[in-house]
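[1] need coordinates for the below:
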Amino acid sequence: MKILFICHANMCRSVMAQYLLKKYLPQAETFSRGLYAETEQTVPENVVRFLAEQGISLTEHQPSQLTPQDLENADWVFCMEPWQVEKLTDRYAQYTDKIWLLNEFAFGKETAVEDPVNLSGRAFTKVAKKLQDAVIACAERLNETK
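    Residues are numbered from 1 along each chain as shown. Model prediction:
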C-alpha cells in the first residue's frame, strides 16, 4: 500500500503525517509532497523535535514538488486542506477516487489540518497532536480496508 500526503510546502504537515503513519502502519510505503514545495527549504526544528518525541528520527528530508507520477504511484492520497483536494481533483480527475481530505477520511469531517509551520511551543504541539490523532485514525481505517 502506497500512501501519499500532500500539503502546501512539504516541510511540516505532510512530512509529519508521512513519518507518523509509517510508525502506526509499518507495512505501508509512505511519502509526501507539496503543491508549492521549494527544495532549498528545510524542515522546521519544532517538526523534528515533535517527531523525536514520538520516537521518530527525521534525519533528512528535502521538500519535494508533487508530480503527476506521484499521484499515479499512490494508492491513497491525503491532503491537509479542502482547497488542495479541489485543486487536485480538478486537475487530475482520473485520480479522484483516491484523493481525500485527511480529516474527512479519518473522522468524516470536512475540516482542514491547521498549518503549524509558524507556531511554536504549546500552540505548535496542540496542532501537531491533532494531526497525529488524524493519522492514527487514518491508520486504523486503512487497516480495515485491506
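[2] now do the longest helix anywhere in the chain, average pLDDT.
    As assigned by DSSP state H, the longest helix anywhere in the chain is helix 121-144. Averaged across helix 121-144, the pLDDT comes to 95.
[3] which parts of it are buried?
    With burial defined by 16 or more other C-beta atoms under 10 Å, the residues of helix 121-144 counted as buried are 124-125, 127-128, 131-132, 134-139, 142. To be clear about C-beta, it is placed using only N, CA and C from the backbone, and glycine gets the same treatment.
[4] can you pull out the helices in the chain?
    Ranges of helices in the chain, per DSSP H, are 13-24, 45-53, 68-73, 82-91, 102-107, 121-144.
[5] can I get those in a markdown table with distance to Leu4?
    Converted to a markdown table, these look like this (distance: least, C-beta to C-beta, whole Å):
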| stretch | distance to Leu4 |
| --- | --- |
| helix 13-24 | 8 |
| helix 45-53 | 18 |
| helix 68-73 | 6 |
| helix 82-91 | 10 |
| helix 102-107 | 11 |
| helix 121-144 | 12 |
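[6] quick check: which of those helices is nearest to Glu38?
    Each of the helices of the chain was checked against Glu38 via C-beta to C-beta, and the shortest separation belongs to helix 13-24, namely 13.8 Å.
[7] next, the angle from that closest one to helix 82-91.
    Helix 13-24 and helix 82-91 are oriented at 90 degrees to each other (axes from the mean of the first three to the mean of the last three C-alpha atoms, to 10 degrees).
[8] got the angle between helix 13-24 and helix 121-144?
    Relative orientation of helix 13-24 with respect to helix 121-144: 50 degrees, computed using the same axes, to 10 degrees.
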